[in-house]
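*Asks:* Below is the sequence, then the predicted model.
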Amino acid sequence: MTATIESASTSQDRVGPPPPFDPELAAALALVADMLPSAIVPEMIPAMREGLAVLDVPLSELTRDGAVTIEERQVPGPVGEPDISLLICRPANAGTGRPAIYHTHGGGMILGNSRTGLEDLLDWALELGLVVVSVEYRLAPEHPDPAPIEDCYAGLVWTAEHADELGIDPDQIIVAGTSAGGGLAAGLALLARDRRGPALAAQVLMCPMLDDRNDTPSSRQMAGRGVWDSTANTTGWTALLGDACGGPDVSPYAAPARAVDLSGLPPAFVDVGSAETFRDEDVAYATRIWQAGGVAELHVWPGGFHGFDTLAPQAAISQEAKAARVRWLRRQLGL
Amino acid sequence: MVKELAGRLAALDPDAGAAVQVIAYFDRLVDGRAGLEAIVRGAAVLAGCPARLIDDERRVRIRMTASGVRQDDSSAPDPQWLHRPLSADGPSALWLERPGPAGPVDLMVLERAGNAARGALERTRGRAAASSPDPAFVETVVDAAAPVDARLHAARRLGLPVDGRARALARPGGPATVHAVPPAGASAAVTGRAGLGPAVAVLDLPSSWADARTALRFTADGTEQDPGPRIVDFADLGGLALLAATVGVGTEPVPDVRRVERAAAAAPWVLATLDAIATTASLRAAATALTVHHSTVQERLTHAEHLLGWSVHDPQGRLRLQLALVLRRLHRSAR
């Protein structure tokens, strides 16, 4: 008897049909199909920025009837670059010496602002007594790599240096982000390791955007389906990296999947949907952290499209995904 | 984002986008065989208020908050709240915890979520005794003009085996009913007056329904004034079925039918006696069926033959009688 053993995956591997969406998620997707195309091309960026702006939660609403105090601070940006703005959110009764979440927002490197995705983090802040600092980094394509990651890093350095003033325990700073923000958070963990600071307690990478090569089976499998397909991914990465996208000279801080060495990183929480472009690169990232001797918790939510828990927070699987993060944070912080 | 969607739905033009969106949402849930929780959650989230499913017969009580969190409550629902019964006669219902008047979105949510919930209940908890199949699905499954997909969908929703056999059943003045044919060939007990269509593949139910209606025209009340079989199976009609196509309320009766009518008018026992003679093998058997002495039957028969004008003692005369009785029934019902 002979057996043919397939070689390890190559970009030419055949893929099956897309995994089915979870029924509740498919229903929610049907509601927004007309205003949320799977494929995003560069020409759509201005209109999408305008469209998303109307979904911005006003600052007055983020305070949750006074339970959260919100302060916007201008702090120094990268050397020789403009100042950046940090949104500092504190539970009114948090006290001092609290753990902190340093948040890098999502939006494919081309969309969003420091309030994007903040609501879930404020839930964590209130439930666990955390300070949340969300950074307003410059967006591509107007500001290509390394502007976004260096803005994020500058804000992280400032936050760690001002931990006392902010009521933060400097040994309990966690970077967290969704999608492009997850990629930036992973990039920050690599930068903080390689530049020897600031010390990070953990990294929360929610459906992170990690790999500019955009050639995994999941990327091809989900083309034209769900949220943020391979066309949208190309748009985001090309905006960030220009002609270097997919080539040999991409910085691992911009595309963490490019990092050769994933050892010495803080514990990672990685979650992703099984029906999204980023599935394979995210699973691979967690796997490589384990292979390097590191600590990671990985959740692959079946039938989840990209950002499913944001778009359909009511779905049972979204509630599970959100609860898993909070449980992990509790364990990680010893709360 | 779905929170915004609920608001968006409410603001939409009632008869335009909102209804379509609600339909799309619950159709997806049904297609994905979503469970009861997902359906009630969808109702709550899209209506923007808590929703309940109560089916005490099946011991099901599910309550979802507007944000889709399960929060059961054993209290009785307020009768003022918007609700929709899941079956015509059963106490089970889907409730929205909001008093009327119902907006167009509320009505659509109640209808679509209610239908989805009924299907899920029957699939997961079995058919309740009190619940009757949705007449709309029965109408579809016996409608030859309905698309094949719609008929198969309706068959599934009615619990019919899509690859098995089923028969239609017609009742006087009633809508169609359809029954799966048990594999063993045993037919479900049918009571009352009914015409039975042949057992066919579910896609052939329209022809079974047509035949059932034909069979119904051969039935009688089974009383002295209208003697005859209460249940007729089309398969047992043989060549008699051809008569149904040519004889109806408006057609001119043949002389034999007029003679039967004249005989029937002469004495109250005539019709029952003629029917017993026509459908039994001997005078004695007819006497037993009529619960009179056989000499009485003999006496009545002589009188009846005189009124009819032909002998019913020989086979040819009995066939004439059988035909006249059958034609008389066909004249009483529309083709």
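*Replies:* Arrived safely, thanks for sending.

*Asks:* Hmm, A:Gly264 and A:Leu200 touching each other?
*Replies:* No. A:Leu200 is beyond contact range of A:Gly264, at 11.0 Å (criterion: C-beta atoms under 8 Å). Every residue, glycine included, has its C-beta placed from N, CA and C.

*Asks:* These two: which is more packed in?
*Replies:* A:Leu200 (23 against 12; other C-beta atoms under 10 Å in any protein chain shown).

*Asks:* quick one, strands of the stretch 201-335 of chain A?
*Replies:* A:202-206, A:268-273, A:296-301 (DSSP state E, counting those that start in this stretch).

*Asks:* tell me the contacts of the residue nearest to the spatial centre of chain A?
*Replies:* Geometric centre of chain A, nearest residue: A:Gly182, 2.0 Å, by C-alpha atoms, centre = their mean. Shown in contact with A:Gly182 (C-beta atoms under 8 Å, 6 or more residues apart in numbering or on different chains): A:104, A:106, A:204-210.

*Asks:* between those residues, which is nearest B:Glu122?
*Replies:* Nearest to B:Glu122 out of those is A:Cys207 (C-beta to C-beta; 36.8 Å).

*Asks:* if I read this right, that closest one contacts A:Gly273, doesn't it?
*Replies:* Yes. Using C-beta under 8 Å, A:Cys207 is in contact with A:Gly273, at 6.7 Å.

*Asks:* What is the distance between the longest helix that chain A contains and the centre of its chain?
*Replies:* Taking DSSP state H as the criterion, chain A has its longest helix at helix A:316-333. How far helix A:316-333 lies from its chain's middle: 16 Å, per C-alpha atoms, centre = their mean, to the nearest Å.

*Asks:* Close to chain B: what parts of the stretch 201-335 of chain A are there?
*Replies:* Contact residues (C-beta under 8 Å from any C-beta of the partner chain) of the stretch 201-335 of chain A with chain B: A:310-316, A:319.

*Asks:* List the contacts of the spatially closest residue to A:Val175 that is not a sequence neighbour.
*Replies:* Leaving aside its sequence neighbours, A:Val175 sits nearest to A:Ala185 (C-beta to C-beta, 6 or more residues apart in numbering or on different chains; 4.1 Å). A:Ala185 is in contact with A:102, A:104, A:175-177, A:203-205, A:208, counting by C-beta under 8 Å, 6+ apart.

*Asks:* how far away is A:Ala185 from B:Arg320?
*Replies:* 95 Å (C-beta to C-beta, to the nearest Å).

*Asks:* repeat for B:Val142
*Replies:* 36 Å.

*Asks:* Which one's more surrounded, those two?
*Replies:* The residue with more neighbours, out of B:Val142 and B:Arg320, is B:Val142; 25 against 19, by other C-beta under 10 Å.

*Asks:* Thought B:Ala170 was touching the more buried one, still the case?
*Replies:* No. Checked against C-beta under 8 Å, the pair B:Val142 and B:Ala170 is beyond contact range at 9.7 Å.

*Asks:* The strand or helix carrying B:Leu96: partners in the sheet, and parallel or antiparallel?
*Replies:* Taking DSSP states H and E as the definition, one finds B:Leu96 inside strand B:93-99. Applying DSSP bridges, strand B:93-99 is found paired with strand B:51-55 (antiparallel), strand B:81-85 (antiparallel).

*Asks:* how about whichever helix or strand comes after that strand: buried residues?
*Replies:* For strand B:93-99, the succeeding helix or strand toward the C-terminus, using DSSP H and E, is helix B:104-125. If you call a residue buried by 16 or more other C-beta atoms under 10 Å in any protein chain shown, then helix B:104-125 has these buried ones: B:104-122.

*Asks:* what about helix B:104-125, average pLDDT?
*Replies:* For helix B:104-125, the mean per-residue pLDDT is 89.

*Asks:* do stretch B:62-81 as well
*Replies:* Mean predicted confidence for stretch B:62-81 is 91.
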